[in-house]
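*Asks:* give me coordinates for this.
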Amino acid sequence: MARKKDIKKEKEKDLKEQLARALADYDNLRKRVEKEKDVLEQLIGIKILTRMFPVYDMLFEAQEHLKDQGIAMIVVEFEKLLRDEGIEKIRVEKGQQFNENIHEAVEAVSGGKKGEIAEEVLTGWKFIGSNQAIRPAKVKVYK
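*Replies:* Sure thing, here's the model as predicted:
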């Protein structure tokens, strides 16, 4: 009789351990799925925003040529939308050192210090506070 009680307690203990492991596995799975969901949502958002960059480029160029206040307001709102999503312009200045993480050289020109930026050709975008380019700024570089 005592033997049956011991076997029963042993089985109960095993079942409790299996349940605890199953609950822990489930919790880990739930956390992993949540993280993957967050990453997927971020990637989808970035994909949509990157498809909008050419539209921004066209609006920006139109505003530069036409000096239209309405287009200027749209450009400002577009930039605000991107900032709200954690994305900012890559700031490029003449004479700035070329950085392969955020710049893409499209032409080498003579006349300045080697490796410095001569001119920005196309606006680049990156995550705010990082040097991770979503779209590198296209620049001309002194050779």
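*Asks:* domains of this structure?
*Replies:* Listed domain ranges for the chain are 1-85, 87-143 (source: automatic domain parsing).
*Asks:* for this structure, what are the low-confidence residue spans?
*Replies:* For the chain, the stretches with pLDDT under 70 are 1.
*Asks:* who are the contact partners of the residue positioned nearest the centre of it?
*Replies:* Note on the chain: the residue nearest the mean C-alpha position is Phe127, at 5.3 Å, using C-alpha atoms, centre = their mean. By C-beta atoms under 8 Å, 6 or more residues apart in numbering, the contact list for Phe127 reads 86-88, 134. Every C-beta, even on glycine, is put in place using the N, C-alpha and C of the backbone.
*Asks:* and Asp14, how far from Ile7?
*Replies:* 11 Å (C-beta to C-beta, to the nearest Å).
*Asks:* make sure Asn80 is indeed in a strand.
*Replies:* If you look again at residue 80, you'll see it is Lys, not Asn. No. Looking at Lys80 with DSSP: H, G, I helix; E, B strand; the rest coil, it is helix, so not inside a strand.
*Asks:* do you know how far it is from Leu15?
*Replies:* Lys80 is 57 Å from Leu15, by C-beta to C-beta.
*Asks:* likewise Phe53?
*Replies:* The value you get for Phe53 to Leu15, if C-beta to C-beta is used, is 57 Å.
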